[in-house]
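**Q** I need the structure of the sequence given here:
(one chain, ligands or ions: 1)
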Amino acid sequence: MGTERKRKVSLFDVVDDSAVKKLNGGINGGNSMTASINKWNGKPYSQRFYDILEKRKTLPVWHQKEEFLQALKSNQTLILVGETGSGKTTQIPQFVLDAVEVETADKRRKYMIGCTQPRRVAAMSVSRRVAEEMDVVIGEEVGYSIRFEDCTSARTVLKYLTDGMLLREAMADPLLERYKVIILDEAHERTLATDVLFGLLKEVLKNRPDLKLVVMSATLEAEKFQGYFFGAPLMKVPGRLHPVEIFYTQDPERDYLEAAIRTVVQIHTCEPPGDILVFLTGEEEIEDACRKITKEIGNMGDQVGPVKAVPLYSTLPPAMQQKIFEPAPPPVVEGGPPGRKIVVSTNIAETSLTIDGIVYVIDPGFAKQKVYNPRVRVESLLVSPISKASAHQRSGRAGRTQPGKCFRLYTEKSFHNDLQPQTYPEILRSNLANTVLTLKKLGIDDLVHFDFMDPPAPETLMRALEVLNYLGALDDDGNMTRLGEIMSEFPLDPQMGKMLVVSPEFNCSNEILSISAMLSVSQYSLMKQMVSSRLEAQKAADEAKNRFGHIDGDHLTLLNVYHAYKQNQEDPQWCYENFINQRALKSADNVRQQLSRIMARFNLKLCSTDFNSREYYVNIRKAMLAGYFMQVAHLERTGHYLTVKDNQVVHLHPSNCLDHKPEWVIYNEYVLTSRNFIRTVTDIRGEWLVDIAPHYYDLANFPQCEAKRVLERLYKKREREKDESKSKK
Ligand SMILES: Nc1ncnc2c1ncn2[C@@H]1O[C@H](COP(=O)(O)OP(=O)(O)OP(=O)(O)O)[C@@H](O)[C@H]1O
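**A** Below is the predicted model of the structure:
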């Protein structure tokens, strides 16, 4: 940790009791003169402000506002536990903002209140709502910051940001000096970044007595948080605004997807108006469900109202995620049955998201969860039963703006007997290479003694150190190298960071930038275009493959798509005709610009091999291998692929563009379903492994396998060639 700098003003001047009362009186309408002018922009408050204010005042947290401010005043850390919908996320940061001085004495600089969210979509939507509640423009006094998008300005005093972003900020500002109060929201979710922030903030608090921390959590485990945060006081906010009725199935459902769609249709035909939120597990399943719902209800004709099915998952570009906030469709004819919006989402809609109009929640009880096996270094997403805490959060989405109903597609007995109370912390089931790189960058060298709330397995930490050492980000003593420092500046996994940093050496950094950006958006949403059936979706994908497919692999196909988009001046009509999703490409383009700015910051040259050269694609493939040499699979004589060194049997994902089965492939992702798939694959040459990553492909350190024998031959060939060229000289 760095040292504390001298400050001109005293920090954290929480107002005294009289000020608390004045604030309550003012906003509550006590003093109409001061309350009618918005202190943030000097404008009179709009009617909407007052309308929302009336609703805000009914939220349970408002009854404990004074108690909260008093507790905050007398403590550096505070744990706040509240029922879902009690108003934590939207109100507490505003209470804090009203109570602390954010302007420095010389007015040259503002301090901020930061409130973290585990999900991007939540950070964006909650900040919009709060800006509305405060009657200011989003991006000015209230803003948000998510990876690849910063919607804040010099005026910003309340910032919602993902936990990952706060961690990134700490890299440049170790004492988080721009903040006066940090609020960690949804702490019970125990995301990887929040867990790291816990440990980090404990240190920062010691070095900054003026900083305050509020840890907010939905349920349970409050005592655990208290114990961890030096016995900080705990404040409970009971109650929620609207009741939610819970229904269970009589018998277990065999096919949850089919049951979910059936329930949607039943609600639409039998229940009063109100939108529906359905929780499913992944993008393909969600897109499929949206199509089926639209089709089934469409087939019912005019006796039912129209529906709009909207997907929501994390890899959907932010602009497309915003569609969930659009209103339900109007009746087809005036006075006809009302329309309904049906949001079909992964568990990203589980916390902090209020979608106005949602009355019904359908919860099949499953989510894709990260799992990591350090022994074979496989991290993947696995469909697994959710926890009781998750089920509770999901049902909470129904009672946000009016009383609601939640349909759990499992039995009550199963809820009580089969579901774990809490979701297992992500830090215990993740690959930690990225986290370790971040911690190293933050100056934390002693990982074993870092104050984790739940320490990860030593084997997982060892694996992470090993991977970073192979990538050259850490030296043999575990110290960060210059390469590692640059890699850590990219908000990407270390492999991709390495690929970008070394790409100028292969004379193809422009292309590697494009590929990295394209990989950052969902492959599925990229090719999707107004298709109404799975068959059509398949046809569209096949069509796109024919047009842009590159025989050497999916990464190069993505590059072709990006180039074609640019060559056609980003024309929406062209996108439509080519089954390309323009919004997804725009999003990729935005990511590309941000990554190229980071490249420029480190003087990494932007260059390309001549397109007509035979080396053009070869160089790109080699640069990719320089980052992903630990994600290689070899085609065995038996006809299946084995991952190199870890010897896992894998199959090429059916979405691949290859027209042959290459002997060696690199892959971007490991997908665990009924079979083990590797997705987004590209053909590479065995010789390159020997040239580009000899330290990893060191045969003295290699398990016995077919790949080893092939590599042995390649090494011998290399030696012979070297000898021959020497003797020629
Ligand atoms: N965008 C919105 N539109 C309409 N009402 C909203 C909106 N956002 C919040 N609200 C209202 O404010 C209430 C409290 O929301 P808030 O997100 O602060 O709750 P919370 O206690 O943080 O819940 P959770 O932990 O489940 O996220 C909602 O239940 C809803 O009544």
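**Q** going by C-alpha atoms from here, please, whenever you check contacts or count neighbours.
**A** OK.
**Q** pull out the buried residues from stretch 669-686.
**A** 669-672, 676-686 (16 or more other C-alpha atoms under 10 Å).
**Q** secondary structure element for residue 440?
**A** Using DSSP states H and E, the element containing residue 440 is helix 433-441.
**Q** next helix or strand past that helix?
**A** helix 458-471.
**Q** what helices or strands is that following helix leaning on?
**A** On a contact count with 3 or more C-alpha pairs under 8 Å, 6 or more residues apart in numbering; DSSP states H and E, helix 458-471 meets helix 433-441, helix 494-502.
**Q** ok, and what's touching that helix?
**A** 374, 377, 431-434, 436-437, 448, 474-476, 478, 494-495, 498, 627, 695-696 (C-alpha atoms under 8 Å, 6 or more residues apart in numbering).
**Q** among those residues, which ones are buried?
**A** Using 16+ other C-alpha under 10 Å, the buried ones in the contacts of helix 458-471 are 374, 377, 431-434, 436-437, 474-475, 494-495, 498, 627, 696.
**Q** returning to what we had before: using JSON lines, lay out the helices and strands packed on helix 458-471 together with mean pLDDT.
**A** Shown next, in JSON lines, are these (pLDDT from 0 to 100):
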{"stretch": "helix 433-441", "mean pLDDT": "94"}
{"stretch": "helix 494-502", "mean pLDDT": "97"}
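**Q** so which of the ones you listed comes closest to residue 706?
**A** helix 494-502 (25.4 Å; C-alpha to C-alpha).
**Q** what is that closest one packed up against?
**A** Against helix 494-502 (3+ C-alpha pairs under 8 Å, 6+ apart) you get helix 433-441, helix 458-471, helix 482-489, helix 509-519, helix 615-628.
**Q** now stretch 601-617: buried residues?
**A** In stretch 601-617, residues buried by neighbour count (16+ other C-alpha under 10 Å) are 604-609, 616-617.
**Q** equivalent analysis for stretch 577-596, please.
**A** Here stretch 577-596 shows 578-589, 591-592, 594-596 as buried, counting by 16+ other C-alpha under 10 Å.
**Q** so what's residue 153 up against?
**A** 139-141, 143.
**Q** let's see which of those end up in helices.
**A** Counted as lying in helices by DSSP state H, out of those, is not a single one.
**Q** closest one to residue 702 out of those, please.
**A** Using C-alpha to C-alpha, the contacts of residue 153 come closest to residue 702 at residue 143, 51.1 Å.
**Q** so how far is the ligand from the closest one?
**A** 15 Å (C-alpha to the nearest ligand atom, to the nearest Å).
**Q** and for residue 51?
**A** Taking C-alpha to the nearest ligand atom, one finds residue 51 at 11 Å from the ligand.
**Q** quick one: which helix or strand includes that residue?
**A** helix 47-56.
**Q** got the residues of the stretch 351-500 of the chain near the ligand?
**A** 351-352, 354-356, 400-401 (C-alpha under 6 Å from any ligand atom).
**Q** tabulate these (JSON lines), appending neighbour count and secondary structure.
**A** Converted to JSON lines, these look like this (neighbours: other C-alpha atoms under 10 Å; DSSP: H, G, I helix; E, B strand; the rest coil):
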{"residue": "351", "neighbour count": "23", "secondary structure": "coil"}
{"residue": "352", "neighbour count": "25", "secondary structure": "coil"}
{"residue": "354", "neighbour count": "21", "secondary structure": "coil"}
{"residue": "355", "neighbour count": "21", "secondary structure": "coil"}
{"residue": "356", "neighbour count": "17", "secondary structure": "coil"}
{"residue": "400", "neighbour count": "25", "secondary structure": "coil"}
{"residue": "401", "neighbour count": "17", "secondary structure": "coil"}
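**Q** wait, what's in contact with the residue of the stretch 101-250 of the chain found nearest the ligand?
**A** Residue nearest to the ligand within the stretch 101-250 of the chain: residue 129 (5.0 Å; C-alpha to the nearest ligand atom). Shown in contact with residue 129 (C-alpha under 8 Å, 6+ apart): residue 90.
**Q** how close does the residue nearest to residue 624 when sequence neighbours are not counted sit to residue 431?
**A** With C-alpha to C-alpha, 6 or more residues apart in numbering as the criterion, residue 624 has its nearest non-adjacent residue at 5.7 Å, and that residue is residue 499. Applying C-alpha to C-alpha, to the nearest Å, the value for residue 499 to residue 431 is 19 Å.
**Q** same thing with residue 363?
**A** In terms of C-alpha to C-alpha, residue 363 sits 29 Å off from residue 431.
**Q** longest helix anywhere in this structure?
**A** The chain, longest helix under DSSP H: helix 706-728.
**Q** residues contacting that helix, please?
**A** Against helix 706-728 from outside (C-alpha under 8 Å, 6+ apart): 634, 636, 644, 686-687, 690, 699, 702.
**Q** and if you look at stretch 429-447?
**A** 1, 168, 170-171, 174, 370-374, 377, 379, 450, 460-461, 463-465, 467-468, 473, 479-480, 484-485, 488, 493-494.
**Q** interface residues of the stretch 101-250 of the chain facing the ligand?
**A** Checking the stretch 101-250 of the chain against the ligand by C-alpha under 6 Å from any ligand atom, the hits are 129, 218.
**Q** sketch out the low-pLDDT regions of the stretch 101-250 of the chain for me.
**A** 104-108, 219-220 (pLDDT under 70).
**Q** could you pull out the strands in it for me?
**A** With DSSP state E, counting those that start in this stretch as the criterion, the stretch 101-250 of the chain has strands at 112-117, 142-146, 149-151, 158-162, 179-184, 212-217, 234-237, 244-248.
**Q** return the most buried member of these.
**A** The highest average neighbour count among those, using mean count of other C-alpha atoms under 10 Å, belongs to strand 158-162 at a mean of 28.
**Q** quick one, that strand and strand 179-184 angle?
**A** 40 degrees (axes from the mean of the first three to the mean of the last three C-alpha atoms, to 10 degrees).
**Q** so how far is strand 158-162 from its chain's centroid?
**A** With C-alpha atoms, centre = their mean, to the nearest Å as the basis, strand 158-162 stands 14 Å off its chain's centre.
**Q** before we move on, the earlier item: the strands of the stretch 101-250 of the chain: which one's closest to residue 48?
**A** That would be strand 142-146 among the strands of the stretch 101-250 of the chain, by C-alpha to C-alpha, at 17.2 Å.
**Q** by how many degrees do that closest one and strand 158-162 diverge?
**A** 20 degrees.
**Q** tell me what strand 142-146 is packed against?
**A** Checked by 3+ C-alpha pairs under 8 Å, 6+ apart, strand 142-146 has helix 120-134, strand 149-151, strand 158-162 packed alongside it.
**Q** can you do 6 Å?
**A** strand 149-151, strand 158-162 (3 or more C-alpha pairs under 6 Å, 6 or more residues apart in numbering; DSSP states H and E).
**Q** give me the below-cutoff pLDDT ranges for this structure.
**A** Judged by pLDDT under 70, the stretches of the chain that qualify are 1-35, 104-108, 219-220, 522-542, 544-545, 729.
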